[in-house]
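# any chance you can model this:
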Amino acid sequence: MISYSDFLLSVFGPGKVQKLTLNLGLGCPNRDGTIGRGGCIYCNNSSFSPTLADAGASIETQIAAARGFFARKYPSMRYLAYFQTYTSTHTDPERLTAIYRRALACPDVCGLVVATRPDTMPQGLLDMLADISRTVAQVIIEYGAESSHDVTLARINRCHLWSDTVDAVTRTHKAGLPVGLHLIFGLPGESAEMMLSTVDRVSALPVETVKFHQLQVIQGTPLAAEFLRNGGRENPVEACRRLEITNWTAESYADFCVRVLDRLRPDIAVDRFVSQAPPDMLLHPRWGLKNHVFTDRLMAKINKAHNSSASQS
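Prediction:
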């Protein structure tokens, strides 16, 4: 397995590089009626957007605030301007290009990471990003795929198809930009084999990185409303069964991640395996583990499996 830090080292060279999450105050096309209403059933953007990313502040102010937070501990740190919140490309491409160039003009910012939906990357914007990557600084693109199964994408109100992901990845790779995909494990109606088939399909695409995480039931989402209507506070296991979502324990999810790595193309870097919403927002599953603790346990499982396999050969 290739770590995300190894991937960054291959792209940006020696030295620590940190993403700075930025907020352009944009919406989402399946919230504002462009393609749909209501948003993805699991999404509450507040659960993963740092408080430093203030949509009301300029890009320069946001970068300065986030940079100041990290610079105290790592004075020689370099930074990636990370456009993540909601659909970060859901506006005029010319406006975005100007913002990207302003971000790259800030001290110690050495690259861009643009995270968006696969159906919201027009070719004109992709061409502009490729030009920035050739002439100014490296650009990395991340797409929220979530699943390769159209039946799942419809059920979660994602409002795009797997073919949109394939198209976006193919065009981005052709433009010469590193590309990553985000997947969620445990979505409604998905069996373990369906999730693993998504891993197989991702491995067949020209992607450099992946992000995985378990489905979380987060306050303020349509999924949370259904979870609570089905008795999720009193009996979360039964609520998961009724909603056909995987009732992951930390142990069962780690075991599944081992299976994922057995299927994932070995040259794809893994950015993360797990995500953890703030405790006051998270309904289920509540493992009470820091992300790095879970990852350490997973790595121990992987090493144990490899050592056992080596001893038997």
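
# OK, contacts around the nearest residue to Ala192 once chain neighbours are set aside?
Nearest residue to Ala192 in three dimensions, chain neighbours excluded: Phe256, at 6.6 Å (CB to CB, 6 or more residues apart in numbering). In this view, the C-beta of every residue, glycine as well, is placed from N, C-alpha and C. Taking CB atoms under 8 Å, 6 or more residues apart in numbering, we find Phe256 in contact with 185, 192, 195, 248.

# helix, strand, or coil at Thr165?
Put simply, Thr165 is helix when judged by DSSP: H, G, I helix; E, B strand; the rest coil.

# pLDDT score assigned to it?
Listed pLDDT for Thr165 reads 98.

# what sits against it?
Taking CB under 8 Å, 6+ apart, we find Thr165 in contact with 118, 143, 145, 148, 181.

# try 10 Å this time
For Thr165, the contacting residues are 117-119, 143-148, 153, 181, 201-202, 205, 207, by CB atoms under 10 Å, 6 or more residues apart in numbering.

# likewise for Thr170?
If you count contacts by CB under 10 Å, 6+ apart, then Thr170 has 179, 205-206 around it.

# among those, name the ones in strands.
Val179 (DSSP state E).

# follow-up on the earlier one: mind listing which of the contacts of Phe256 are in strands?
Those of those mapping onto strands are Phe185, per DSSP E.

# could you export the contacts of Phe256 as CSV, including neighbour count and distance to Asp131?
CSV is the format used below for the contacts of Phe256 (neighbours: other CB atoms under 10 Å; distance: CB to CB, whole Å):
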residue, neighbour count, distance to Asp131
Phe185, 24, 36
Ala192, 14, 42
Met195, 24, 37
Trp248, 21, 42
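
# now the contacts of Phe256 in JSON lines, with pLDDT and distance to Ala168?
Converted to JSON lines, these look like this (pLDDT from 0 to 100; distance: CB to CB, whole Å):
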{"residue": "Phe185", "pLDDT": "98", "distance to Ala168": "21"}
{"residue": "Ala192", "pLDDT": "97", "distance to Ala168": "26"}
{"residue": "Met195", "pLDDT": "98", "distance to Ala168": "21"}
{"residue": "Trp248", "pLDDT": "96", "distance to Ala168": "28"}
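
# narrow the contacts of Thr170 to just the buried residues.
The neighbour-count test (16 or more other CB atoms under 10 Å) marks 179, 205 as buried among the contacts of Thr170.

# now, which of the contacts of Thr170 sits nearest Ala168?
Using CB to CB, Val179 comes nearest to Ala168 of those, at 8.0 Å.

# looking at the residue nearest to Ala192 now. What's its pLDDT?
Turning to Phe256, the model gives it a pLDDT of 97.

# work out for me the element it sits within.
For Phe256, the host element (DSSP states H and E) is helix 250-263.

# for that helix, buried residues please.
By neighbour count on 16+ other CB under 10 Å, the buried set for helix 250-263 is 250, 253-254, 256-257, 260-261.

# next: stretch 34-46.
With burial defined by 16+ other CB under 10 Å, the residues of stretch 34-46 counted as buried are 36, 39-44.

# backbone torsions only: list them for Leu112.
With angles defined as degrees, to the nearest 10, Leu112 sits at phi -120, psi 140.

# report how many residues lie close to it.
As a burial measure, Leu112 scores 25 neighbours (other CB atoms under 10 Å).

# repeat that for Arg272.
So Arg272, with other CB under 10 Å, has 15 neighbours.

# quick check: it touching Lys211?
Yes. Assessed by CB atoms under 10 Å, Arg272 is found in contact with Lys211 at 5.3 Å.

# quick check: neighbours shared by those two?
Counting by CB under 10 Å, 6+ apart, the contacts common to Arg272 and Lys211 are 4, 182.

# check contacts around the residue nearest the centre of the chain.
The centroid of the chain falls nearest to His182 when counting by CA atoms, centre = their mean (4.3 Å). By CB under 10 Å, 6+ apart, the residues touching His182 are 115, 142-146, 209-213, 271-272, 275.
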